[in-house]
Structures are given as C-alpha cells and as structure tokens.
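Dropping a prediction and its sequence here:
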Amino acid sequence: MGPYKAPGADGITNIVFKQCAGLLVPHLGPIYRVTFILNTYPKQWKESNMVVLRKPSKPDYMLPNVH
C-alpha cells in the first residue's frame, strides 16, 4: 500500500504513521498493551470487511471445491 493511502475509516494516511512514529509510540504503546492485558477491545477493532474477488478463469465460488 502506498504511503499516501488511508486504509482505515479514520482517513489517516500511512505516511503520517511512518513520519510520526516517534511521537505516537509513547502514547499508543501503553494503550495497546493495556487493551491486550485486559482483553477489552474497542468495537471498531472487532469489525472488518472482506471482499472476495473472483478470478476470471474460475467458475462460481458458491460451488464447493472451485478455489
């Protein structure tokens, strides 16, 4: 993924994280650590979207064993 692409819903580009890692890690590190220790995750972290793109040479993926 390119540095100016924003992969998340927040719209923050990858270059921001790369250029500001030194500023962000001291703040985000403890937040992530406590999140994993307490086993409590924000709702946004539990949601994901998966898009399945069919290859042109493959038949319908609804049929078993076509992958």
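It's in.

going forward, measure contacts and count neighbours with C-alpha atoms only.
Will do.

Neighbours of residue 14, how many?
Burial of residue 14 is recorded as 16 neighbouring residues (other Cα atoms under 10 Å).

actually residue 55, not the one I wrote
Residues lying near residue 55 (other Cα under 10 Å) number 10.

Which helix or strand contains it?
Assigning secondary structure by DSSP states H and E places residue 55 outside every helix and strand.

cool, residue 25 as well?
Of the helices and strands defined by DSSP H and E, residue 25 is found in helix 21-38.

I'd like to know which elements that helix is packed against.
On a contact count with 3 or more Cα pairs under 8 Å, 6 or more residues apart in numbering; DSSP states H and E, helix 21-38 meets no helix or strand.

Kindly export it (C-alpha atoms) in PDB.
Extracted as PDB, the C-alpha positions of helix 21-38 are listed here (Å, rounded to 0.1, in the frame of the first residue of the first chain):
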ATOM      1  CA  ALA A  21       6.100   7.000  14.900                       C
ATOM      2  CA  GLY A  22       8.500   8.600  17.400                       C
ATOM      3  CA  LEU A  23       5.700  10.800  18.700                       C
ATOM      4  CA  LEU A  24       2.900   8.200  18.600                       C
ATOM      5  CA  VAL A  25       4.500   5.100  20.100                       C
ATOM      6  CA  PRO A  26       4.900   6.500  23.600                       C
ATOM      7  CA  HIS A  27       1.200   7.200  23.700                       C
ATOM      8  CA  LEU A  28      -0.200   4.300  21.600                       C
ATOM      9  CA  GLY A  29       2.000   1.600  23.100                       C
ATOM     10  CA  PRO A  30       0.600   1.800  26.600                       C
ATOM     11  CA  ILE A  31      -3.000   1.900  25.200                       C
ATOM     12  CA  TYR A  32      -2.500  -1.200  23.200                       C
ATOM     13  CA  ARG A  33      -0.700  -3.000  26.000                       C
ATOM     14  CA  VAL A  34      -3.500  -2.400  28.500                       C
ATOM     15  CA  THR A  35      -6.100  -3.300  25.800                       C
ATOM     16  CA  PHE A  36      -4.400  -6.700  25.400                       C
ATOM     17  CA  ILE A  37      -3.800  -7.300  29.100                       C
ATOM     18  CA  LEU A  38      -7.500  -6.600  30.000                       C
END
